[in-house]
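Asker: Following is a predicted model, sequence given first.
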Amino acid sequence: MFKPFALALVLASTAAFAGGPGGGHGGGGGGGGSTAAPQIIINGTSIQATAMAYGSIRNTSADNQTEANQFLASNAGHVTVNGTSVQAVVGKHSSVSNRAQDNQTYAMQTLASNVGDVVVNGNSLQVVALKGMYVSNLAKGNQTKAVQGLSSNNACFKCE
């Protein structure tokens with residue numbers, strides 16, 4: 001099951017990039033205190049996939065004033081895709097964990113994601129491939145913070 005999906009993902013990625021505009025992907029500017037609600041604008045092509053075979057994905061938050069955010073092959077914040085964006089998280093016999101514990105803690109984990117003020121004008125391929133791996137992000141203790149990004153564009157969405 002894992003190999004057919006991986007093959008399908010590669011074929012979809014190849015088809016998405018065939019004949020597309022040149023150029024690269026660009027990151028937007030820093031998060032300068034905007035109070036507008038986050039918007040995700042897809043003007044081009046966006047393919048996002050998460051597949052885990054014999055694995056687990058866990059996101060927990062415990063105690064008062066804690067927050068845990070986990071983004072798997074997703075966009076969050078002010079993200080604009082004008083070109084082609086393919087994002088995938090593929091895992092086999094792997095575990096992905098994100099936790100925030102105790103008072104005033106914060107944990108954010110991004111895998112193959114665009115987060116914050118990011119603009120993709122060209123072609124962007126972001127893949128996290130795991131086999132027999134454990135990926136963990138933890139904020140523990142008073143007033144702690146943990147931010148983790150794998151194969152992602154991050155314009156500092158809540159990471160300052």
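Answerer: Here it is on my side, so go on. Values in this document were obtained by computation on a predicted structure and should not be read as measured data.
Asker: Please enumerate the helices of this structure.
Answerer: 2-17 (DSSP state H).
Asker: center of it - which residue?
Answerer: residue 113 (2.4 Å; C-alpha atoms, centre = their mean).
Asker: isn't it right up against residue 152?
Answerer: Yes: counting by C-beta atoms under 8 Å, residue 113 touches residue 152, with 4.6 Å between them. The way it works is simple: take the backbone N, C-alpha and C, and place the C-beta from them, glycine included.
Asker: okay, and for this structure, where does confidence drop off?
Answerer: Residue ranges of the chain with pLDDT under 70: 1-37, 155-160.
Asker: same thing but 80
Answerer: Applying pLDDT under 80 to the chain flags residues 1-39, 62-64, 66, 144, 152-160.
Asker: Tell me which residues touch the nearest residue to residue 74 once chain neighbours are set aside, please.
Answerer: Spatially, and ignoring its direct neighbours in sequence, residue 74 is nearest to residue 113 (5.5 Å; C-beta to C-beta, 6 or more residues apart in numbering). For residue 113, the contacting residues are 71-76, 87, 126, 149, 152-153, by C-beta atoms under 8 Å, 6 or more residues apart in numbering.
Asker: Which ones among those map onto strands?
Answerer: Using DSSP state E, the subset of the contacts of residue 113 located in strands is 71-72, 75-76, 87, 126, 149, 153.
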